[in-house]
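Colleague: kindly generate the corresponding structure for this input.
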Amino acid sequence: MKKKNMEFVKPGGLDLKDRLVSIQRVTKVTKGGRAFGFSAIVIVGNEEGVVGHGLGKAKEVSIAISKAVEDAKKNLVKIPLFNSTIPHEQKGKHGGARVYIQPASQGTGVIAGGAVRAVLEAVGVQDVLSKSQGSSNPHNVVKATFDALFKLRDANKVAQERGISLDKVFNG
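Modeller: Residues are numbered from 1 along each chain as shown. Alright, predicted model coming up:
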């Protein structure tokens, strides 16, 4: 998960909201029968560009969710936003899941399904088009969406990387 342009954020002082993406009952077959447990994937974000995801496992649903929220708070990152959308189109991939996100005009809304929608809404994107292809496994779709978000760069970052002024980025 370590990318070169990721900016980690500390959770202190942020108004974070959590969204449950998936909860699954898992079974371990033992000599004495079946042992049931739960696995939860949670997205945490402040809807202003800070987001994180976490996985929690426990024998009870509520404990699995709280563990996932704590894990998500340890993985918060800052995502560049442009008004109510993303700065540019981007593709992300993880495992068999591929996600494509594209900026949309004001008033379009979040055109995304399932895990992709949960991540984009937690980031604070209000207008975006997206397509999820390949695996629909929530773990991989969430990580593919994060991969696409990590690759996003705003105009200031592009100018800084190229060592030129901001107006030269737009005017050539």
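Colleague: ok, what's across the strand from Lys93?
Modeller: Arg98 (DSSP bridges).
Colleague: check what pLDDT it gets.
Modeller: Note for Lys93: predicted pLDDT of 96.
Colleague: for Glu121, see how far away Ser130 is.
Modeller: Distance from Ser130 to Glu121, counting by Cβ to Cβ, to the nearest Å: 11 Å. Heads up, the C-betas are built off the backbone N, CA and C, glycines and all.
Colleague: also Leu81?
Modeller: Taken as Cβ to Cβ, the span from Leu81 to Glu121 is 13 Å.
Colleague: and Val142, by the same measure?
Modeller: 13 Å.
Colleague: what does Phe150 give?
Modeller: 18 Å.
Colleague: give the rounded mean pLDDT of stretch 64-78.
Modeller: For stretch 64-78, the per-residue pLDDT averages 94.
Colleague: any idea how far it is from the middle of the chain?
Modeller: Offset of stretch 64-78 from its chain centre (Cα atoms, centre = their mean, to the nearest Å): 12 Å.
Colleague: with just CA atoms, put that stretch into CSV.
Modeller: Presented in CSV, the C-alpha positions along stretch 64-78 are these (Å, rounded to 0.1, in the frame of the first residue of the first chain):
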residue,chain,number,x,y,z
ALA,A,64,-15.3,-6.8,14.0
ILE,A,65,-16.7,-3.4,12.8
SER,A,66,-15.0,-1.5,15.7
LYS,A,67,-11.7,-3.2,14.9
ALA,A,68,-12.1,-2.3,11.2
VAL,A,69,-12.8,1.3,12.1
GLU,A,70,-9.6,1.4,14.3
ASP,A,71,-7.6,-0.1,11.4
ALA,A,72,-9.0,2.4,9.0
LYS,A,73,-8.0,5.3,11.2
LYS,A,74,-4.4,4.1,11.1
ASN,A,75,-4.4,4.3,7.3
LEU,A,76,-5.8,7.8,6.6
VAL,A,77,-4.5,9.5,3.5
LYS,A,78,-5.1,12.9,1.8
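Colleague: before I go, just wanted to say thanks for your time.
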